[in-house]
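Enquirer: Turn this into a model:
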Amino acid sequence: AREARNLALLPGDVDSTVGASLPTSGLTAWQGLFQHGRLQAGQSVLVHGAAGAVGSMVTQLAREFGAYVIGTGRAADRQAVLDFGAKEFFDLGNDALEDISGVDLLIDGIGGDIGKRSADLIRTGGTLVSIVGPVEARPVDGLAIDFVVEADRAQLNEIVQRVRDGRLRTNIGNLPTLDEAIAALNPTKRPKGKTVIRIRP
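Expert: Numbers count the residues shown, from 1 in each chain. Below you'll find the predicted structure:
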């Protein structure tokens with residue numbers, strides 16, 4: 001038995017693998033941007049880890065709602081981040097992070113030293129939303145928020161509708177079988193995109 005709020009109908013024209021990739025990544029992006037980040041059209045959004053499963057959703061949703069999106073990642077991620085809709089890309093290995101300044105909202109999917117250094121990139125009164133744990137540095141006179149994603153049927157319906165009409169693309173990476181699940185969920189290197197376990201090969 002499941003609570004109804006945890007479930008949304010998967011339309012017949014959406015592939016089940018795509019459907020499986022949506023809830024955690026999609027809801028995290030949605031809640032980070034709109035519930036906690038209170039995104040408004042015209043604002044600038046910095047997305048750390050913009051090529052990841054959540055980051056790519058954040059980038060697309062923020063762009064749809066009229067934000068100017070700056071994505072960060074590794075050099076190899078540049079084209080993917082731009083393809084997902086970012087206006088600018090910063091290579092965390094080579095570009096000076098401190099060259100970014102005055103953003104309204106930061107969605108941090110990396111944390112650590114990058115997260116600590118990022119508070120100064122946010123305008124006075126801006127918002128830092130972490131999806132990787134407690135925030136260690138706060139923006140000046142602004143908000144610093146970390147949260148745990150919650151099930152929300154209405155939000156899931158919004159997300160899947162965007163997939164259906166082409167406004168939102170999923171970012172699926174590894175597709176292991178159930179026998180490979182333990183290794184897939186304990187990777188030795190950072191995975192690309194969302195891992196979706198196939199019960200039937």
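Enquirer: C-alpha from now on. contacts and neighbour counts both.
Expert: Fine.
Enquirer: Just the buried residues of the top helix by length along the chain, please?
Expert: Longest helix in the chain by number of residues (criterion: DSSP state H): helix 16-30. Within helix 16-30, the residues that count as buried by 16 or more other CA atoms under 10 Å are 18-30.
Enquirer: which residues touch stretch 8-16?
Expert: Contact partners of stretch 8-16, identified using CA atoms under 8 Å, 6 or more residues apart in numbering, comprise 19, 153-154, 156-157, 160, 163-164.
Enquirer: quick one: the helices in the chain?
Expert: 16-30, 53-64, 78-83, 112-118, 153-164, 181-184.
Enquirer: Among the buried residues of helix 16-30, which one sits closest to L178?
Expert: Nearest to L178 among the buried residues of helix 16-30 is A20, at 14.2 Å by CA to CA.
Enquirer: Assess the claim that the closest one and R198 are in contact.
Expert: No - applying CA atoms under 8 Å, one finds A20 not in contact with R198, separated by 9.8 Å.
Enquirer: low-scoring stretches of this protein, by residue?
Expert: Per-residue confidence for the chain (pLDDT under 70) gives these ranges: 201.
Enquirer: got the buried residues for whichever strand in it runs longest?
Expert: Determined from DSSP state E, the single longest strand within the chain is strand 122-130. Using 16+ other CA under 10 Å as the test for burial, strand 122-130 gives 122-124, 126-130.
Enquirer: before we move on, what about stretch 140-154?
Expert: Buried, per 16+ other CA under 10 Å, within stretch 140-154: 140, 142-146, 149, 151-153.
Enquirer: and what of stretch 32-39?
Expert: For stretch 32-39, by 16+ other CA under 10 Å, it's 32-33, 36-37, 39.
Enquirer: about what we covered before: closest to K87 out of the contacts of stretch 8-16?
Expert: Once CA to CA is applied, the member of the contacts of stretch 8-16 that ends up nearest K87 is V163, at 21.3 Å.
Enquirer: and that closest one, what does it touch?
Expert: Contacts of V163 by CA under 8 Å, 6+ apart are 14, 169-170.
Enquirer: ok, E98 to A53 distance?
Expert: E98 sits 25 Å away from A53, going by CA to CA, to the nearest Å.
Enquirer: hmm, back to that, output the buried residues of strand 122-130 in TSV; the columns should cover distance to R190.
Expert: Listed next are the buried residues of strand 122-130 as TSV, based on distance: CA to CA, whole Å:
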residue	distance to R190
I122	27
R123	30
T124	33
G126	30
T127	27
L128	23
V129	21
S130	18
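Enquirer: Between all of the residues you listed, which two are at the greatest distance?
Expert: Taking CA to CA, no two of these sit farther apart than T124 and S130, at 17.6 Å.
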